[in-house]
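> Fold the stuff below for me.
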Amino acid sequence: MAVAKKFDLNIEKVLEDWEIYHAIREIIANALDEQIITNTKDIEISHNWRGSWHIRDFGRGLRYKHLTQNENEEKLKNPHLIGKFGVGLKDALATFNRRGIDLFIKSAHGDITLDKTQKYGFEDIETLHAYLHPPSDPEFIGTEFVLRGCSEEDIKRAKELFLKFTREKVLESTQFGEVLERKGRTANVYINGVKLAEEENFLFSYNITSLTSAIKKALNRERTNVGRVAYSERVKSILLDCKDHAIANILVDNLKGFEEGTISDELRWADIYTHAIRILSSREKTVFFTANDLQERPDMYSKARDGGYSVITVPETIREKIKDLSDFKGEPILELDKFKEEWNSSFEFKFVDSGNLDLNEKKVFSYTDKLFKIIGGRPPNVKEVKISETMLMNNATFREADGLWQPSSGQIIIKRSKLRSVSEYAGVLIHEAAHALGFTSDVSVEFEEELTRLLGIIASKILLS
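Numbers count the residues shown, from 1 in each chain. From the prediction side, this is the model:
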């Protein structure tokens, strides 16, 4: 009978926080990696009548040298594999020993058992050793780990750490990873199919398949307590690369919950929020107002709703980001400024014939020529004064203008509501006459000078009459 060879596993520090299921995770991860590398059939996890659990792959078979490696170059070079650290397997063996789990490893290259014995050269120190026995089945295909003493709950908890077994539905695949349908109370973040973190307020679960340097750096030996900062950029990349309507629909529906404070954490990232806005704007007639816009411009809100637009509330910071953006159809995204421009461009005056004015309005309107006479006569370029029920938006105030001078048609247009009194009508008429005389816009020096000149004429006539 051949004598078993033993070798020291040289485990310097035992991971005290690891439970049995953490160690089982490493065994499953190695089996799945071998399945991918060798393109062999699915791994098997089974339970026999003796109470042992069996985890088996159908690859090349474990060799004792695999227990001496700190890092596996083959795994490091393959971006699709789960394992990063060769020490993961040794950590698992140490955890099994510390937790009282009997382990037997079977492959065509030999059978392996574990035991503690004196460290070579240090008789007072006992360390964990692996014992390599001749193979019980030289024709055996793959590697089988036989565990005695672990529970069904241990196996269940370990399997829950793998996307392969949780079977979360893939909603969309991108070059950076997959968006998964969230199941249960928390969302999960996976790295190549192994759970890395849980997120209570994520809208989706994610499987990251393209690792960033931040993720690689954060993948510690324990593979636990990896913070969001490590994977948030890659999650953003996955979402921004999505093109399917299913993802867009969910993002957009969640976006509409901003006002109630129910949006997910992904939508709190400006890039994703903006992306969702572009999707929504491409699909629906939508206007994006800030809370301040709604408070100060309820008239614009009414105009938007009356025009068949959905009104979505956004933060001020997001409004600044979308002001010059286009949606995915190339159309401008409508925030308050853009909506006003669009409303003005499609605007049509509702002119009122003087014969349809009421008695008071007719009386006020009849003072038109007298008012012109006060300021020196009707400006030669003013062909007519017209009354309209509706008016364009004032560029400065975003409210309907009281009056408007249109040089192209030679018309002064005044809002009908200004005919309520002579003073209101006179003020607007003289204001627009100043534009006609000075060919200037509001808040310009030239306009101020022209208006001042007209006021001086009016005052002098009153004083000298």
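
> just checking, what packs against the helix or strand hosting Glu153?
Following DSSP states H and E, one finds Glu153 within helix 152-159. Applying 3 or more CB pairs under 8 Å, 6 or more residues apart in numbering; DSSP states H and E, one finds that helix 152-159 contacts helix 20-38, strand 44-47. C-beta: built from backbone N, CA, C; applies to glycine.

> Buried deepest among these, which one?
Highest mean neighbour count among those (mean count of other CB atoms under 10 Å): helix 20-38, with a mean of 22.

> on contacts alone, who are the packing partners of that helix?
strand 52-57, helix 87-98, strand 143-148, helix 152-159.

> Including mean pLDDT and distance to Cys242, could the helices and strands packed on helix 152-159 go into CSV?
As requested, the helices and strands packed on helix 152-159 are arranged in CSV below (pLDDT from 0 to 100; distance: least, CB to CB, whole Å):
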stretch, mean pLDDT, distance to Cys242
helix 20-38, 93, 25
strand 44-47, 96, 33
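
> quick one: buried residues of stretch 303-323?
Neighbour counts over stretch 303-323 (16 or more other CB atoms under 10 Å) mark 303-304, 309, 311-312, 314, 318-319, 321-322 as buried.

> ugh, wrong one, I meant stretch 329-342
332-336, 338-340, 342.

> pull the CA atoms of it into PDB?
Taking C-alpha atoms only, stretch 329-342 is exported to PDB below (Å, rounded to 0.1, in the frame of the first residue of the first chain):
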ATOM      1  CA  LYS A 329     -34.800  61.200 -31.900                       C
ATOM      2  CA  GLY A 330     -32.600  64.300 -32.100                       C
ATOM      3  CA  GLU A 331     -35.400  66.600 -30.800                       C
ATOM      4  CA  PRO A 332     -34.600  69.100 -28.000                       C
ATOM      5  CA  ILE A 333     -35.600  68.100 -24.500                       C
ATOM      6  CA  LEU A 334     -38.200  70.500 -23.200                       C
ATOM      7  CA  GLU A 335     -37.600  72.200 -20.000                       C
ATOM      8  CA  LEU A 336     -39.200  75.600 -19.200                       C
ATOM      9  CA  ASP A 337     -37.200  77.700 -21.600                       C
ATOM     10  CA  LYS A 338     -37.400  75.300 -24.500                       C
ATOM     11  CA  PHE A 339     -41.100  74.700 -23.900                       C
ATOM     12  CA  LYS A 340     -41.700  78.400 -24.100                       C
ATOM     13  CA  GLU A 341     -39.800  78.700 -27.400                       C
ATOM     14  CA  GLU A 342     -41.800  75.800 -28.800                       C
END
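
> Touching that stretch from outside, list them.
Contacts to stretch 329-342, defined as CB atoms under 8 Å, 6 or more residues apart in numbering, come from residues 277-278, 281-282, 286-290, 293, 297, 300, 304, 309, 314, 319, 322-323, 325-327, 393, 398.

> That stretch: how far from the chain's middle?
22 Å (CA atoms, centre = their mean, to the nearest Å).

> Begin at 852, not 1, for the rest of this chat.
In the new count, where the first residue is 852, that last one comes out as stretch 1180-1193.

> related to what we said a few turns ago, keep only those of the buried residues of stretch 1180-1193 that are in helices.
Residues of those located in helices (DSSP state H): 1187, 1189-1191, 1193.

> In JSON lines: those, plus pLDDT and distance to Asp962.
What follows is these, written out as JSON lines (pLDDT from 0 to 100; distance: CB to CB, whole Å):
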{"residue": "Leu1187", "pLDDT": "87", "distance to Asp962": "75"}
{"residue": "Lys1189", "pLDDT": "88", "distance to Asp962": "73"}
{"residue": "Phe1190", "pLDDT": "86", "distance to Asp962": "75"}
{"residue": "Lys1191", "pLDDT": "81", "distance to Asp962": "79"}
{"residue": "Glu1193", "pLDDT": "82", "distance to Asp962": "77"}
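
> With respect to Arg1271, which of the residues you listed is nearest?
Arg1271 lies nearest to Lys1191 out of these, by CB to CB, at 25.6 Å.

> if we can go back for a sec, which of the contacts of stretch 1180-1193 fall in strands?
Among those, DSSP state E puts 1137-1140 in strands.

> Kindly reformat those residues as TSV containing distance to Glu1300 and pLDDT.
Putting the ones in strands among the contacts of stretch 1180-1193 into TSV (distance: CB to CB, whole Å; pLDDT from 0 to 100) gives the following:
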residue	distance to Glu1300	pLDDT
Thr1137	44	90
Val1138	39	91
Phe1139	40	91
Phe1140	37	91
